[in-house]
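Enquirer: Quick one: sequence and predicted model below, then my questions.
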Amino acid sequence: MAVYLNTNTAYKDFEMLRSDKYFIDKSSIIEKINERIHTKNRYLCVTKPRRFGKTSILNMLGAFYGKACTSKTLFYGLNIAKNKTCESRQNQYPIIHIRLNRLPEDGNTYADYQALIRDTLFDDLSEAYPHLAVKNYRKISDLLAAAGDEFIFLIDEWDFIFSHSLYKEHQSEFLEFLRELLKDQPYVALAYMTGVLPIHQYSTGSALNMFDEYTMLNDFLFHEYFGFTQQEVSMLCQRQSKLTAAQIAEWYNGYITGEGTKIYNPRSVVLALINGKCQSYWTRTGKMDEVLFFLKYNIAEVRDDVIKMVNHIPVQIEIKKEYTAGQKSPANRKEIYAAMIVFGLLSYFEGELRIPDLELMIEFEHALEDDDFEYAARLVKNSKEVLNATLDKKEEAVTSYLHNIHNSEIPILKYNDENSLSCVVTLAYLLARNCYRIEREEKSGKGYADFIFYPRRKNLPGIVLELKADSTPLDAVRQIKEREYCEKLKKEQVKRILIAGINYNTTTKEHSCVIEEL
């Protein structure tokens, strides 16, 4: 039975996806793919973070183009069914569908790995083309040429070998294998590869320079098909009653395409809707997915940036060079961020670096607790005491905590501007996010409150914080009342509300605080 050639695997997988309650129609991508078949631009590599629907799209392409199964009924009612020009290519191609994360059972060397791919292809072709004397061919490319057909190649997890330590010394050999199989071969009608890591800078001797790449940093063509748009999420939310589009947006919306469109993390959205609960569904699938793994390469350079981003302040930086397959471990600030963008840990748009959503904000907050962040870690670990002091209306204790943070060893906190004071407050109340949804500069009443704490538990009070410089905490409290900053908390039927005014004297470097209960 065939493993790679003309199997029904893609059809079955897409059929399962098609019947899912939270299926989103992304079939319009086929129109764009169709334009590449039988052209010089028939080599496509789409690299996105894990959980962004790459394999789902690949399976859809296999179901549409593959001749192993008739899929007209499966695509009935989808967007692509409206395009009659694509219909002539449906189910017309032999498909070679290779998942490169498949490992041999009887050996762990690179030779065993490559032999598995090569021998499986030879066996499949021998079965499909019995008239060929397979033993007469030493190369797969020669055998494919002799078959006389034009194939569509669907290659999933192309970059698997670059994250597998056993094969590290054979990466150039592997790239050469792909080049020999695909480059300028007349039997290739389309080659479509997916993975996490881009390839173009690390293809030795330009081995794979025939591929057009679409990455997290550079994709103006296919970006909308990998991730959910705002409109798609609103549509999904109508299929259930527990979660609102606003709740989903708070947790999972924040990746930005090259055209400025916001994209949701699709896997987390679906899990939240299935479970009826928004929480972090960020599944760590190895060290390369963890925030702290990258930050530890140079915490001294990135520490201030992390504190800014946790405080929702974007980091201004130009990142032009992508982190690609085969690259050495990131050594400096730009390389660290380039890697984190590729893995979906950060969002980047027009020179601004941000933490994409609340799901990943939690990961960054956990990172700040690590001892490698030194003084920042100690401040974060004390933040639970700051919240308790606020709830108990212990103004002097709150003042003391804020003073210690503002006068810490962290450079960004030593400035006398609003962002610095906001960062101080963010660090002071970081662990409060476990039981509060904290919004900064939010419209409420007749203005914008500096911080509003929405309780996640019914027994906790809501909190409104207003910051002042060279004024008084009483002025801050008065502003909260006069501009009715508590209105949003009242609308959410929060029964108890604390209001806190915090002032920082830029001359004496002293803080003062007043806390009242409405």
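Expert: All right, it came through fine.
Enquirer: going forward, measure contacts between C-alpha atoms and count neighbours the same way
Expert: Will do.
Enquirer: Which helix or which strand is home to residue 448?
Expert: strand 447-455 (DSSP states H and E).
Enquirer: what residues does that strand touch?
Expert: Contact with strand 447-455 is made by 435-443, 461-467, 480, 483-485, 489, 494, as judged by C-alpha atoms under 8 Å, 6 or more residues apart in numbering.
Enquirer: Let's see which of these end up in strands.
Expert: Counting by DSSP state E, the part of the contacts of strand 447-455 found in strands is 436-443, 462-467.
Enquirer: now the residues you listed in CSV, with neighbour count and pLDDT?
Expert: Putting the ones in strands among the contacts of strand 447-455 into CSV (neighbours: other C-alpha atoms under 10 Å; pLDDT from 0 to 100) gives the following:
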residue, neighbour count, pLDDT
436, 20, 89
437, 15, 86
438, 19, 87
439, 15, 86
440, 16, 83
441, 12, 81
442, 15, 77
443, 15, 81
462, 27, 95
463, 25, 95
464, 24, 95
465, 21, 94
466, 23, 93
467, 23, 90
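Enquirer: per-residue confidence for residue 417?
Expert: Note on residue 417: pLDDT of 67.
Enquirer: heads up, I number from 54, so please use that
Expert: With the count now opening at 54, the last piece we talked about shows up as residue 470.
Enquirer: How many residues are close by residue 270?
Expert: 21 (other C-alpha atoms under 10 Å).
Enquirer: Hmm, I typed the wrong one, I wanted residue 443.
Expert: 23.
Enquirer: and it, how far is that from residue 479?
Expert: If you measure residue 443 against residue 479 using C-alpha to C-alpha, to the nearest Å, the figure is 14 Å.
Enquirer: cool, and residue 507?
Expert: Distance from residue 507 to residue 479, by C-alpha to C-alpha: 15 Å.
Enquirer: Give me the phi and psi angles of the residue lying closest to residue 271 once chain neighbours are set aside.
Expert: Of all residues not flanking residue 271 in the chain, residue 311 sits nearest, at 6.7 Å (C-alpha to C-alpha, 6 or more residues apart in numbering). Per-residue torsions, residue 311: phi -60, psi -20 (degrees, to the nearest 10).
Enquirer: Contacts only, for residue 311.
Expert: So residue 311 contacts 270, 271, 272, 273, 276, 402 (C-alpha under 8 Å, 6+ apart).
Enquirer: Can you flag the buried ones in those?
Expert: 270, 272, 276, 402 (16 or more other C-alpha atoms under 10 Å).
Enquirer: just to revisit the earlier point, next one: the residue nearest to residue 271, what pLDDT does it get?
Expert: Residue 311 carries a pLDDT value of 77.
Enquirer: Report the separation between it and residue 283.
Expert: 16 Å.
Enquirer: again, but for residue 165
Expert: 46 Å.
Enquirer: ok, the contacts of residue 311 vs residue 62, which is closest?
Expert: Nearest to residue 62 among those is residue 276, at 25.4 Å by C-alpha to C-alpha.
Enquirer: For that closest one, give me the pLDDT.
Expert: 90.
Enquirer: Could you do residue 58 as well?
Expert: Listed pLDDT for residue 58 reads 94.
Enquirer: Tell me who's in contact with it.
Expert: Residues counted as contacts of residue 58 (C-alpha under 8 Å, 6+ apart) are 147, 148, 149, 150, 174, 177, 178.
Enquirer: List only those of those residues flagged as buried.
Expert: 147, 148, 149, 150, 174, 177, 178.
Enquirer: Just say helix, strand or coil for residue 322.
Expert: The three-state assignment at residue 322 reads helix, by DSSP: H, G, I helix; E, B strand; the rest coil.
Enquirer: OK, contacts around it?
Expert: Here residue 322 is in contact with 286, 301, 305 (C-alpha under 8 Å, 6+ apart).
Enquirer: Can you tell me which of the contacts of residue 58 is closest to residue 321?
Expert: Distances from residue 321 to the contacts of residue 58, taken by C-alpha to C-alpha, are shortest for residue 150, at 26.9 Å.
Enquirer: Could you list the paired strands of the host helix or strand of residue 568 along with their orientation?
Expert: Per DSSP H and E, residue 568 falls inside strand 563-570. If you go by DSSP bridges, strand 563-570 pairs up with strand 550-558 (antiparallel).
Enquirer: Just the contacts of residue 322: which are in strands?
Expert: Among the contacts of residue 322, no member lies in strands (by DSSP E).
Enquirer: Quick one: which of those residues is the most crowded by neighbours?
Expert: For the contacts of residue 322, neighbours tallied by other C-alpha under 10 Å; top is residue 305, 26 neighbours.
Enquirer: So that residue sits against residue 415, correct?
Expert: No - assessed by C-alpha atoms under 8 Å, residue 305 is found out of contact with residue 415, at 11.8 Å.
Enquirer: Tell me who's in contact with residue 417.
Expert: For residue 417, the contacting residues are 344, 345, 359, 363, by C-alpha under 8 Å, 6+ apart.
Enquirer: burial count for the second one?
Expert: In terms of burial, residue 345 registers 18 neighbours under the definition other C-alpha under 10 Å.
Enquirer: What's the local residue count around residue 158?
Expert: So residue 158, with other C-alpha under 10 Å, has 9 neighbours.
Enquirer: Residue 528: what secondary structure?
Expert: helix.
Enquirer: Backbone dihedrals for residue 499, please?
Expert: phi -110, psi 20.
Enquirer: need the contact list for it.
Expert: Taking C-alpha under 8 Å, 6+ apart, one finds 536, 537, 538 in contact with residue 499.
Enquirer: quick one: it from residue 567, how far?
Expert: Residue 499 is 22 Å from residue 567, by C-alpha to C-alpha.
Enquirer: For the residue nearest to residue 80 when sequence neighbours are not counted, give me the pLDDT.
Expert: Counting by C-alpha to C-alpha, 6+ apart, residue 80 lies nearest to residue 133, which is 5.4 Å off, once chain neighbours are set aside. pLDDT recorded at residue 133 is 95.
Enquirer: Please consider this matter closed, and thank you.
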